[in-house]
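> no FASTA, just this:
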Ligand code: GLN
């Protein structure tokens with residue numbers, strides 16, 4: 001079958017949720033039996049978001065094959081339950097880097113290298129790459145930014161050219177817009193959408209389907225008006241009302257028939273009725289919790305919850321699995337001190353200490369871990385959170401007051417966390433960490449094993465520093481066990497305190513692998529421990 005290409009563009013404002021609409025449509029097409037993947041084109045010049053501060057762009061999501069990507073890829077995986085890869089996130093930085101490297105190799109000898117055709121050709125090549133794997137019948141490409149942005153122009157032009165190259169029925173443009181509501185006159189306004197569709201048309205691209213974000217239902221007349229002025233059929237005007245959770249969006253889009261109109265435009269049969277039983281069961285459990293848990297998330301980017309997107313979603317998946325509503329309390333690690341830690345953490349059912357880089361807020365993380373360790377509060381440490389747990393144990397149980405990570409104190413005598421050997425000669429910053437999926441051997445007599453119910457697991461990584469095996473015996477003798485090890489490199493991947501009700505910390509990022517249909521076992525287990533504590537109160 002010829003691969004079908006769907007493009008999702010955005011107009012009027014940013015942050016309308018193109019990623020969620022793309023993931024929801026993909027979910028519906030998948031539920032009807034099609035193999036689908038989603039790709040994100042990001043117009044910024046960074047080669048990938050790995051070098052971006054989370055305050056700028058939210059969490060950096062990591063794929064199985066070690067790509068540092070936009071957080072929308074996390075949504076794609078959580079909705080579709082299918083891994084993404086390097087090819088699923090393309091940035092302007094990547095495009096230009098490739099073209100400039102080619103130019104230096106002499107690939108265009110004698111020619112002037114230009115945005116059209118060289119940059120647009122490279123964009124088209126990246127779009128088609130996923131289709132050419134033969135794995136997908138439908139490729140959905142989300143174009144970052146808003147129509148009219150200077151940065152997006154080459155992408156829109158590349159889509160125009162592709163549309164021209166492909167048959168009409170193999171290519172579809174969905175435009176996501178906003179219908180603002182004027183409360184003084186109590187009406188939805190269609191003008192910004194008309195303008196945004198026109199702007200798209202100025203670049204030679206006609207929207208086939210409009211998805212309109214709105215706080216109020218769109219009347220029949222307004223749909224007709226939008227259809228008329230935007231040059232689409234009335235059934236191609238799709239209403240996207242605000243809903244309580246992003247996981248409602250696929251069902252809302254089903255009701256609005258976004259999947260049906262998409263298939264009919266692509267001349268594809270509807271195959272089966274969409275199979276969404278387990279999705280609906282998840283939603284029922286999520287919306288009808290039997291218990292509620294208060295979980296503290298200790299981190300330094302808590303002002304912007306997008307910085308911890310995958311962790312928050314993993315709590316939603318795991319919470320639904322055990323029918324609990326998880327109330328995440330964001331706790332700024334810079335504001336935790338010996339004096340206030342009991343007040344901040346004392347009433348919580350569990351505490352997660354988040355990943356991170358650099359030394360801002362780390363003493364607060366260490367103080368938090370000491371408190372939960374001494375007060376039997378379930379604890380889950382991820383990446384930097386695991387490293388801080390090791391440092392806390394070294395300082396307060398082993399008595400090494402100067403224990404530290406060489407990331408924060410290169411001079412310490414007790415470098416319990418040290419740079420990985422193969423990182424020591426690397427100076428470049430982009431894409432150079434230990435990234436992507438690695439195997440880990442889990443010991444049978446551990447809490448981690450109880451969660452995974454197997455000894456061989458794979459998890460995704462993103463770090464430069466590691467537990468220093470030189471001190472392993474000192475830790476083990478005193479009660480901090482290494483319960484997960486990389487079989488090839490012997491890196492410690494999981495540590496636990498077995499005498500504590502629940503104290504598990506991991507060097508990898510389990511949150512990246514949690515999906516609606518596969519809640520992550522470590523999150524489920526942590527919440528179960530929190531529930532036991534909460535019910536025992
Ligand atoms: N900064 C730490 C390291 O590089 C932890 C990284 C993380 O939390 N992702 O090892």
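Yes, it's here. Small disclaimer: the values here were computed from a predicted structure and weren't measured.
> Touching, residue 119 and residue 93? I think so.
No: at 12.0 Å, residue 119 and residue 93 do not qualify as touching, with contact defined as CB atoms under 8 Å. Any C-beta I mention is one placed from the backbone N, CA and C, and that applies to glycine too.
> What ranges does the stretch 401-537 of the chain have for its helices?
Per DSSP state H, counting those that start in this stretch, the stretch 401-537 of the chain carries helices over the ranges 447-452, 472-477, 521-535.
> For residue 71, which of these is the nearest?
Each of the helices of the stretch 401-537 of the chain has some distance to residue 71 by CB to CB; the shortest is helix 521-535, at 17.8 Å.
> what residue of the protein is the furthest out?
Most distant from the centre of the chain: residue 110, at 42.9 Å, with distances by CA atoms, centre = their mean.
> in stretch 32-44, what counts as buried?
32, 34-44 (16 or more other CB atoms under 10 Å).
> To clarify, my last question referred to stretch 526-534.
Within stretch 526-534, the residues that qualify as buried by neighbour count (16+ other CB under 10 Å) are 526-531, 533-534.
> tell me which parts of this protein are close to the ligand?
Within the chain, the residues that sit near the ligand (CB under 6 Å from any ligand atom) are 355-357, 383-384, 407, 462-465.
> Quick one: those as a markdown table, columns for pLDDT and neighbour count too.
Shown next, in a markdown table, are the residues of the chain next to the ligand (pLDDT from 0 to 100; neighbours: other CB atoms under 10 Å):
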| residue | pLDDT | neighbour count |
| --- | --- | --- |
| 355 | 96 | 25 |
| 356 | 94 | 23 |
| 357 | 92 | 16 |
| 383 | 97 | 23 |
| 384 | 97 | 26 |
| 407 | 95 | 19 |
| 462 | 96 | 21 |
| 463 | 95 | 23 |
| 464 | 94 | 17 |
| 465 | 96 | 22 |
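> Same list, those, but as a markdown table with distance to residue 58 please.
Listed next are the residues of the chain next to the ligand as a markdown table, based on distance: CB to CB, whole Å:
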| residue | distance to residue 58 |
| --- | --- |
| 355 | 13 |
| 356 | 14 |
| 357 | 15 |
| 383 | 17 |
| 384 | 17 |
| 407 | 23 |
| 462 | 15 |
| 463 | 19 |
| 464 | 21 |
| 465 | 23 |
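> residue of the stretch 101-250 of the chain with the smallest distance to the ligand?
Per CB to the nearest ligand atom, the residue of the stretch 101-250 of the chain with the smallest distance to the ligand is residue 144, at 23.7 Å.
> Without its sequence neighbours, what residue ends up closest to that residue?
Spatial nearest neighbour of residue 144, chain neighbours left out: residue 42 (4.4 Å); criterion: CB to CB, 6 or more residues apart in numbering.
> if we can go back for a sec, out of the buried residues of stretch 526-534, flag the one nearest to residue 20.
Closest to residue 20, out of all of the buried residues of stretch 526-534 and judged by CB to CB, is residue 527, at 24.4 Å.
> Look up how far residue 320 lies from the closest one.
Computed as CB to CB, to the nearest Å, the residue 527 to residue 320 distance reads 10 Å.
> What of residue 494?
From residue 494 across to residue 320, the span is 25 Å (CB to CB).
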